[in-house]
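J.: let's see this in three dimensions:
(one chain, ligands or ions: 1)
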Amino acid sequence: MASINFNRLQGKLNILADAAKYDVSCSSSGGNRKNQGGALGDASKTGICHSYTEDGRCVSLLKILLTNHCIYDCAYCTSRKSNDTPRAAFTVEEVVELTMQFYRRNYIEGLFLSSGIFKNADYTMERLVQVAKTLRERERFNGYIHLKTIPGASKELLHEAGLYADRLSANIEIPTKSGLALLAPEKTHDELQAPMQTVKEEIITIKDSRKKHKKAPKFVPAGQTSQMIVGASNETDLQVIQLSDHFYKKYELKRVYYSGYVPMLSDSRLPSIGTPVPMVRENRLYQADWLMRFYGFGAHEIVEADSPFLDLDCDPKLAWAIRHREHFPVNVQTAPYEMIVRIQGMDTKTAKKIVKDRKYNQNTLEHNKKMVAAVNRAKYFIATTGKNEHLSHLTRDNFRQFVLGQTQTKFKDERNGQLGLF
Ligand code: SF4
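T.: Take a look at the predicted model:
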């Protein structure tokens, strides 16, 4: 393989890494930090991002589009055909070269490849597959590959993509059918979900054949994911969460990603430029998602129909507990695991430990302090054999105010920018 000419590709890389940053199906670093004297390394916006493999490892990925040319005109997308923006396209060989050279230099551990749609869905998907196939078969590349599926691509191409990629993803883009019809009238939810169904069926078929033939090839071992844009249309959080719940149940997705819309294009159908979706809305959606996947919450419990947006002032687990004080205080000595895990500040690991431990110990508040890291939050929701602090005499509003006032600073410190800590 010829040595890569970085200068020749730098222009394309700038355009196609920048265009890929709006896809959050794997989280992007997006930094642009110059090397300084005495420091080691630098960071540039050439599309290195981080993602998590099936076994929980964090890997850095080259995150690019194959092209930002597109035959479609989705209102929310910078690659839409009517947008006056610099265009570029990599050849299959260029992406292969970039990936291999970056990999050899230890810049990356894998590739995240998406694309605008040029000519048609199959033409584009074929090229994405060709990149993955060349990397695996000719270059013997054993790193991580995440490919975006192109809506409308044939089942044969999706099958082939799954044989070479670790993960496939299909973006649903706009959470409601009406929002999608307004902003991307050439697309439908059915069309966008079709690749998810195909991939799910292939996963099942290949799993079965691997039970009979150990050497049968693997198919998307890291599963499939999806992404939706939040705040470009007037969807509610309830609609967003219900759709995710549907995806987890119907297509067994590994993750749904939420991307707060950043208005940059002038279009009367979109929120006006300079009014991005507050980051906290995105965070609350990820927390709600976490509750559905690991804490046994139903979508209808997290956001209720009469108030269909998440409370931005407190995390959804606390918001549920405040709305449903009839379930508290929970007696951790006798309650089922499913209820213990709903206590504020309780994570799944601690809840399991309590269930195991209570056979031998009485759960006093002192004892729980040793086990529940966030006991300051938990104490208002736990009934133990010692002193209780569940404040049942307060009205719902007063209780909410009190708990938020007591715990808000703590939440910030404990979260330290992370999601999913309850
Ligand atoms: S099809 Fe994809 S790349 Fe093309 S305009 Fe729509 S969202 Fe953008």
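
J.: give me every residue in this protein lying close to the ligand.
T.: Residues of the chain lying close to the ligand by CB under 6 Å from any ligand atom are 70, 72, 74, 77, 79-80, 116-117. All C-beta atoms are positioned from the backbone trio N, CA, C, and that covers glycine.

J.: so where do the strands sit in the stretch 1-150 of the chain?
T.: 48-52, 58-65, 110-114, 144-148 (DSSP state E, counting those that start in this stretch).

J.: out of the residues of the chain next to the ligand, flag the one nearest to residue 280.
T.: residue 77 (24.4 Å; CB to CB).

J.: pretty sure that closest one contacts residue 85?
T.: No - applying CB atoms under 8 Å as the test, residue 77 and residue 85 come out as separate, 10.4 Å apart.

J.: what's the nearest residue to residue 328 once chain neighbours are set aside sitting at in phi/psi?
T.: Once flanking residues are discounted, residue 328 sits nearest to residue 381: 4.6 Å by CB to CB, 6 or more residues apart in numbering. The phi/psi pair for residue 381 (degrees, to the nearest 10) reads phi -120, psi 0.

J.: thinking again about what came up before, higher neighbour count, residue 77 and residue 85?
T.: Just comparing residue 77 and residue 85: by other CB atoms under 10 Å the higher neighbour count belongs to residue 77, 21 against 13.

J.: residues touching the more buried one, list them.
T.: By CB atoms under 8 Å, 6 or more residues apart in numbering, the contact list for residue 77 reads 22, 70, 83.

J.: between these, which sits nearest the ligand?
T.: Distance to the ligand, by CB to the nearest ligand atom, is smallest for residue 70 among the contacts of residue 77, at 3.3 Å.

J.: flag every buried residue along stretch 121-133.
T.: Neighbour-count burial for stretch 121-133 flags 121, 124-133 (criterion: 16 or more other CB atoms under 10 Å).

J.: off-centre distance for stretch 69-78?
T.: Offset of stretch 69-78 from its chain centre (CA atoms, centre = their mean, to the nearest Å): 22 Å.

J.: actually stretch 200-213, sorry about that
T.: 26 Å.

J.: so for that stretch, mean pLDDT?
T.: Mean pLDDT, stretch 200-213: 90.

J.: now swap in stretch 179-186 and tell me
T.: Mean per-residue pLDDT for stretch 179-186: 96.

J.: in contact with residue 121, which residues?
T.: 150-153.

J.: turn those into JSON lines, including secondary structure and neighbour count.
T.: Shown next, in JSON lines, are the contacts of residue 121 (DSSP: H, G, I helix; E, B strand; the rest coil; neighbours: other CB atoms under 10 Å):
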{"residue": "150", "secondary structure": "coil", "neighbour count": "25"}
{"residue": "151", "secondary structure": "coil", "neighbour count": "21"}
{"residue": "152", "secondary structure": "coil", "neighbour count": "16"}
{"residue": "153", "secondary structure": "coil", "neighbour count": "24"}
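
J.: the one residue in the stretch 101-250 of the chain that gets nearest to the ligand: how many residues sit nearby?
T.: Residue nearest to the ligand within the stretch 101-250 of the chain (CB to the nearest ligand atom): residue 116, separated by 3.9 Å. Residue 116: 23 surrounding residues under other CB under 10 Å.

J.: that one contacts residue 65, correct?
T.: Yes - using CB under 8 Å as the test, residue 116 is close enough to residue 65 to be in contact (6.3 Å).

J.: overlap in contacts of the two?
T.: By CB under 8 Å, 6+ apart, residue 116 and residue 65 have these common neighbours: 19, 79.

J.: wait, residue 194 sits on residue 151?
T.: Yes - under the criterion of CB under 8 Å, residue 194 makes contact with residue 151 at 6.8 Å.

J.: residues in contact with the residue lying closest to the residue of the stretch 101-250 of the chain closest to the ligand once chain neighbours are set aside?
T.: Nearest residue to residue 116 in three dimensions, chain neighbours excluded: residue 70, at 3.4 Å (CB to CB, 6+ apart). Residue 70 makes contacts with 77, 79-81, 116-118, as judged by CB under 8 Å, 6+ apart.

J.: residues touching the residue of the stretch 101-250 of the chain closest to the ligand, list them.
T.: 19, 65-70, 72, 79, 124.

J.: rank those by pLDDT and give me only the lowest.
T.: Out of the contacts of residue 116, that is residue 19, at 85.

J.: who does the most centrally placed residue in the chain form a beta bridge with?
T.: The centroid of the chain falls nearest to residue 257 when counting by CA atoms, centre = their mean (2.8 Å). Taking DSSP bridges as the rule, residue 257 bridges to residue 227.
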